[in-house]
Structures are given as structure tokens and as C-alpha cells.
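K.L.:
Fold the following and give me the result.
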Amino acid sequence: MSHILWSLATVVGVIVLALVMLHVIRKNKASDVPIERTERATRELYEEADQKDGAA
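P.N.:
Sure, this is the predicted structure:
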């Protein structure tokens, strides 16, 4: 009996994980934040980190 429960839990877990991943991917694609904005913010963070490293 426990073998059946573990098998069921494994299958259900994979299905739930797949559904959550699909939801996150869809939500991310529908994001209102333009890619240029995120790229600019990343560059600014890298430049700030480089300045801190150079000052240390």
C-alpha cells in the first residue's frame, strides 16, 4: 500500500511542479517591465559593484 502512495505522490508532485513552472513562465512573459529597463538596471548594479571593488 505504501508503494502505491509513494508512486502517486511522485506523479502528483511532478504534475504540480510542471503546472507551477508553466504559470511562472506565462506570468514572466506577460510582465509590464520592458527588457531595456532591466538590462539598464543590471548594468548600473555592475558599475556600482565595480566602483566599490575599486575603492576597497
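K.L.:
CA only for contacts and neighbour counts going forward, please
P.N.:
Will do.
K.L.:
Do you have the helices of this structure handy? List them.
P.N.:
2-29, 35-55 (DSSP state H).
K.L.:
tell me, which of those helices is the model least confident about?
P.N.:
Set side by side, the helices of the chain differ in mean pLDDT, and helix 35-55 is lowest with a mean of 89.
K.L.:
How far off centre is it?
P.N.:
20 Å (Cα atoms, centre = their mean, to the nearest Å).
K.L.:
Number the chain from 193, please
P.N.:
From this message on, residue numbering opens at 193, which makes the last subject helix 227-247.
K.L.:
residues of it that come out buried?
P.N.:
The neighbour-count check on helix 227-247 (16 or more other Cα atoms under 10 Å) flags nothing as buried.
K.L.:
quick one: contacts for the spatially most central residue of the chain?
P.N.:
Nearest residue to the geometric centre of the chain (Cα atoms, centre = their mean): Val216, 7.6 Å. By Cα atoms under 8 Å, 6 or more residues apart in numbering, no residues touch Val216.
K.L.:
do you know how far it is from Ala210?
P.N.:
Between Val216 and Ala210 the distance is 10 Å, computed by Cα to Cα, to the nearest Å.
K.L.:
Show the backbone phi and psi for Asp224.
P.N.:
Here is the backbone geometry of Asp224 (degrees, to the nearest 10): phi -80, psi -10.
K.L.:
ok, so what distance separates it from Arg218?
P.N.:
12 Å.
K.L.:
got it, and Arg232?
P.N.:
To Arg218, Arg232 is 23 Å away according to Cα to Cα.
K.L.:
Would you indicate which residues of stretch 217-228 are buried?
P.N.:
Going by 16+ other Cα under 10 Å, stretch 217-228 has no buried residues at all.
K.L.:
Just the terminal-to-terminal distance for that stretch.
P.N.:
One end of stretch 217-228 to the other measures 19 Å (Cα to Cα).
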